[in-house]
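# Here's a sequence, model it:
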Amino acid sequence: MARSPKGVTVVDHPLVQHKLTLMRKKDASTKSVRELLREIAALICYEVTRDLPLEMVEIETPLVVMSAPQLAGKKLVFAPILRSGLGMLEGMLELAPSARVAHIGLYRDPATLNCVEYYFKAPTDLADRSVVMIDPMLATGNTAIAAADRLKEAGAKSIRLACLLASPEGLSKFTGHHPDVHVWTAAIDERLNDHGYILPGLGDAGDRMYGTR
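Okay, here's the model as predicted:
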């Protein structure tokens, strides 16, 4: 597991890196992109949840009574940023099917690169739950910053961010605004272009998932 810079974990598992390479290819089909993103998300989720607290409970196997570990406290909240975050949500719910789901509707204004909120719906007890914010592309960082701001306004105290790709600029800006939110990503790419897209990247994640361009 690679870790750099501070507050960021790069999930460098061979399966994650292999699937990411397949997903980057410009001729990958919409179907393939969706499937690969779901698979990568499940693998990233495995790492994001590695340190969740456990408690010992008494259970009965077919043979004996024993003490065994299970997750402690209230269940997770997955908070995908619409729309592309939904592509990662499916894979994460396969790993943690009992998690609650918050939806954060934000889009990036193409002229200013600032984000605009159009929808927010979350459990009322965010303060008592660990929240995993989901956004495939951490590019300028503006959308992730706004989403974390909104979750904190709603009471969230424990937030993590899971993404597929990140730019150095976006990571620096996000961790500067939210140093308490650890970031997990499959790769840190080279830079942003003049339009705020990650290079080399994989294009617009939402368009590639849903075949809208």
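# Could you use CA atoms for every contact and neighbour count after this?
Will do.
# report the longest strand in this protein, please.
The residue-count maximum for a strand in the chain (DSSP state E) belongs to strand 158-166.
# List the contacts of that strand.
Residues from elsewhere that reach strand 158-166, judged by CA atoms under 8 Å, 6 or more residues apart in numbering: 40-41, 44-45, 48, 127, 129-139, 148, 180-189, 198, 201.
# can you map out the strands along the chain?
8-10, 54-60, 65-71, 77-82, 100-101, 103-108, 115-121, 130-134, 137-138, 158-166, 182-188, 191-192, 198-199.
# Just say which of these is most tucked in.
strand 137-138 (a mean of 28; mean count of other CA atoms under 10 Å).
# partners of it, with directions?
Sheet pairing of strand 137-138 (DSSP bridges) gives strand 158-166 (parallel).
# Longest helix in this protein, please.
If you go by DSSP state H, the chain has its longest helix at helix 30-48.
# buried residues in it?
For helix 30-48, a neighbour-count test (16 or more other CA atoms under 10 Å) marks 30, 33-45, 47-48 as buried.
# and which of the residues you listed is nearest to residue 104?
Nearest to residue 104 among the buried residues of helix 30-48: residue 41, at 17.9 Å, using CA to CA.
# ok, that closest one touching residue 93?
No - if you go by CA atoms under 8 Å, residue 41 and residue 93 don't touch, sitting 9.4 Å apart.
# Quick check on the most far-flung residue of the chain relative to its centre: phi, psi?
Here the chain reaches farthest from its C-alpha mean at residue 63, the gap being 40.2 Å by CA atoms, centre = their mean. Here is the backbone geometry of residue 63 (degrees, to the nearest 10): phi -110, psi -40.
# From residue 56, how far out is it?
19 Å (CA to CA, to the nearest Å).
# what's the distance between the residue nearest to residue 8 when sequence neighbours are not counted and residue 7?
Spatial nearest neighbour of residue 8, excluding adjacent residues (CA to CA, 6 or more residues apart in numbering): residue 183 at 4.7 Å. Per CA to CA, residue 183 is found 6 Å from residue 7.
# ditto for residue 19
24 Å.
# Residue 74 too?
Distance, residue 74 to residue 7, using CA to CA: 25 Å.
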